[in-house]
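# Any chance you can model this:
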Amino acid sequence: MFEIGNIVMHPSAGVCCIEDIREEKLTDKKRMYYIMHPLSDQKKSTLYVPVDTDKLRLRKLMSKEEIIYVIKHSATEDIEWIDNNNLRKSAYLNIVRSDDISKIIALLIKLHKRKNSLLETGKKFSASDERIMHDAEKKIFQEFSHSLKIQEEHVPEFIMTQLLEKN
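The predicted model follows:
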């Protein structure tokens with residue numbers, strides 16, 4: 001169980017701060033809820049997450065050591081390029097929605113390589129691939145930025161440095 005003041009990773013809202021834990025009657029019965037705000041939106045939205053839910057997994061942020069491990073492990077992940085747009089979109093969205101950070105990083109690398117090779121040949125990168133890449137970056141960059149205490153724009157450089165560094 002988390003406590004007030006904990007910073008957690010929400011699967012869709014990103015990095016959030018738990019502001020309160022209290023009983024609320026939002027449905028037909030009273031339940032205990034984590035009341036939290038995404039750090040990225042300056043407390044404009046409030047999330048109510050049941051403390052006892054199995055549907056939504058909150059987790060603590062990764063440490064620097066855990067981040068370095070998942071970055072290095074991502075190099076062993078093999079993300080296949082799927083030619084069919086609909087199948088690719090579905091498969092890649094499932095990766096982004098998962099909590100498998102190594103796979104998400106591997107997907108980001110695959111998408112960036114594909115985008116660069118298309119741009120070199122004068123072709124366009126699809127809008128759906130661009131959205132998937134953006135969502136994956138948001139998920140990874142927010143958490144890494146907060147945990148590593150660096151600006152989000154420095155996260156790609158940190159990832160590349162770790163990938164290029166020999167054990």
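
# Give me the distance from the helix ranked longest in the chain to the chain's centre.
Determined from DSSP state H, the single longest helix within the chain is helix 127-148. Mean-position distance between helix 127-148 and its chain equals 6 Å (C-alpha atoms, centre = their mean, to the nearest Å).

# and after it, which helix or strand comes next?
Downstream of helix 127-148, the next assigned helix or strand under DSSP states H and E is helix 155-164.

# Taking helix 127-148 as reference, get the angle to the longest strand seen in the chain.
Criterion DSSP state E: the longest strand present in the chain is strand 14-24. Counting by axes from the mean of the first three to the mean of the last three C-alpha atoms, to 10 degrees, strand 14-24 lies at 80 degrees to helix 127-148.

# Can you list the buried residues in strand 14-24?
14-16, 18, 21 (16 or more other C-beta atoms under 10 Å). Where C-beta positions appear, they are placed from N, C-alpha and C, glycine not excepted.

# Over to stretch 120-135?
Neighbour count says stretch 120-135 has 125, 129, 132-133, 135 buried, by 16+ other C-beta under 10 Å.

# Quick check: mean pLDDT of stretch 67-76?
Stretch 67-76 shows a mean pLDDT of 95 in the predicted model.

# Using PDB, write out every CA atom in it.
The C-alpha coordinates for stretch 67-76 follow below in PDB (Å, rounded to 0.1, in the frame of the first residue of the first chain):
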ATOM      1  CA  ILE A  67      16.500   2.000 -15.100                       C
ATOM      2  CA  ILE A  68      20.000   1.200 -16.200                       C
ATOM      3  CA  TYR A  69      19.200  -2.500 -16.000                       C
ATOM      4  CA  VAL A  70      16.000  -2.200 -18.200                       C
ATOM      5  CA  ILE A  71      17.900   0.000 -20.700                       C
ATOM      6  CA  LYS A  72      20.700  -2.600 -21.100                       C
ATOM      7  CA  HIS A  73      18.100  -5.500 -21.200                       C
ATOM      8  CA  SER A  74      16.200  -3.700 -24.000                       C
ATOM      9  CA  ALA A  75      19.100  -4.400 -26.300                       C
ATOM     10  CA  THR A  76      18.200  -8.100 -26.100                       C
END
